[in-house]
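A.B. asks: Below are the sequence and a predicted model; questions follow.
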Amino acid sequence: MNDVFLNGDFLAADQAKVSVFDRGFLLGDGVYEVIPVYAGHCFQLAGHFQRLQNSLDGVKMTNPYSIAQWQSLCEELVARNGGGDQALYLQVTRGVAPRDHVFPDNTTPTVFAMSNPMQPVPEKYKQQGISAITVLDTRWQKCHIKAITLLPNSLLKQQAKEAGADEALLIRDGYLTEGSASNAYAVIDEVIYTAPKDEKVLPGITRDVVLAIAKKAGMPLVEEAVAESSLASADELWVSSSTKEVLPITQLNGVPVGQGVPGPVWRQMDVLYQQVKYEGRDDG
Ligand SMILES: Cc1ncc(COP(=O)(O)O)c(C=O)c1O
């Protein structure tokens with residue numbers, strides 16, 4: 001049984017209990033982070049803590065811990081669960097209060113963290129690529145906040161699954177924003193395009209790494225949203241996330257993307273990403 005962290009204590013997962021009046025449970029009132037851990041080291045911790053702070057600011061919650069406290073919590077939880085490659089999850093909710101839409105005064109936030117073995121990215125996803133469908137981005141106007149209220153994303157991912165696809169690419173006002181649980185990229189004439197960081201997309205930490213790799217390697221990358229009408233003729237499409245890394249989409253809406261196999265620009269990015277993953281640690 002894995003150890004989890006709840007409100008200051010490390011305990012066995014089946015011992016962790018949260019009130020039914022927690023606003024996370026009743027209203028989805030909270031924010032979260034997912035941090036990949038490689039060889040026992042948290043990857044890009046500083047970036048994840050900054051995004052957590054931004055999400056807390058976005059929902060008007062005070063950060064319950066300092067960066068040093070978050071860091072030691074993360075390190076202890078990873079160590080207690082045996083190191084290696086893990087997916088570390090942090091969640092902060094507004095806490096326990098009588099149910100009301102209006103924020104309660106002076107509640108203590110509920111802080112929960114768990115860390116589970118990282119599911120390796122299936123080799124077939126890299127050999128063959130994944131499939132995606134385009135769907136209308138029906139989420140709210142504050143997609144830059146990593147809110148636990150994931151029902152819209154969940155519905156869109158389910159729609160992809162029911163269509164036999166692995167991911168949903170989201171279209172807002174005629175442009176690709178991101179995936180239902182990933183950032184998205186198009187490669188057109190050897191230039192990588194991805195939507196800019198604004199309220200329409202989650203500022204992915206993997207996306208930051210992709211941008212840094214591209215810059216260092218001299219791979220042309222533009223932060224510009226791609227029109228839905230350009231997707232069918234893109235040479236390559238990719239998605240990225242902390243647990244899936246960077247994956248090529250080789251089929252969109254049932255039609256091959258480019259040659260229908262993972263493209264050369266993705267291959268170069270994947271090689272560099274695999275290097276950075278273990279070398280480019282950032283312990284905060
Ligand atoms: C909607 C959405 N966009 C982008 C991402 C990628 O973010 P990160 O690279 O920080 O995992 C995620 C990750 O879960 C996501 O849910």
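C.D. replies: Everything's here; your move.

A.B. asks: mind checking which helix or strand Tyr32 is in?
C.D. replies: strand 30-38 (DSSP states H and E).

A.B. asks: same question, Ala186
C.D. replies: strand 183-188.

A.B. asks: just to revisit the earlier point, packing partners of the strand holding Tyr32?
C.D. replies: helix 45-58, strand 86-93, helix 264-279 (3 or more Cβ pairs under 8 Å, 6 or more residues apart in numbering; DSSP states H and E). C-beta: built from backbone N, CA, C; applies to glycine.

A.B. asks: wait, what's in contact with the most centrally placed residue in the chain?
C.D. replies: In the chain, the centroid-proximal residue (Cα atoms, centre = their mean) is Ser241; its distance is 4.8 Å. When contacts are counted by Cβ atoms under 8 Å, 6 or more residues apart in numbering, Ser241 touches 179, 181-183, 204, 206.

A.B. asks: Keep only those that also lie close to the ligand.
C.D. replies: 181-183, 204, 206 (Cβ under 6 Å from any ligand atom).

A.B. asks: hang on, isn't Arg23 packed against Pro98?
C.D. replies: No - look at Arg23 against Pro98 with Cβ atoms under 8 Å: they stay out of range, at 10.0 Å.

A.B. asks: Which neighbours do the two have in common?
C.D. replies: Common neighbours of Arg23 and Pro98 (Cβ under 8 Å, 6+ apart) are Pro104.

A.B. asks: between these two, which one's more packed in?
C.D. replies: With neighbours defined as other Cβ atoms under 10 Å, Arg23 and Pro98 compare such that Arg23 has more, 23 against 8.

A.B. asks: Give me the nearest residue to that one, chain neighbours excluded.
C.D. replies: Closest residue to Arg23 apart from its sequence neighbours, by Cβ to Cβ, 6 or more residues apart in numbering: Asp29 at 3.8 Å.

A.B. asks: correct me, but that neighbour touches Leu56?
C.D. replies: No - in this structure, Asp29 is not within contact of Leu56 by Cβ under 8 Å, at 11.8 Å.

A.B. asks: what's the neighbour count on Tyr125?
C.D. replies: 17.

A.B. asks: mind checking pLDDT for it?
C.D. replies: Looking at Tyr125, its pLDDT reads 97.

A.B. asks: Let me see the contact set for whatever residue of the stretch 1-150 of the chain ends up closest to the ligand.
C.D. replies: Nearest to the ligand, among the residues of the stretch 1-150 of the chain, is Val34, at 5.7 Å (Cβ to the nearest ligand atom). Going by Cβ under 8 Å, 6+ apart, Val34 touches 87-89, 242-243.

A.B. asks: Kindly report the same for Thr149.
C.D. replies: Thr149 touches 28-29, counting by Cβ under 8 Å, 6+ apart.

A.B. asks: so it, which of the three states?
C.D. replies: coil (DSSP: H, G, I helix; E, B strand; the rest coil).

A.B. asks: ok, now Ala168?
C.D. replies: strand.
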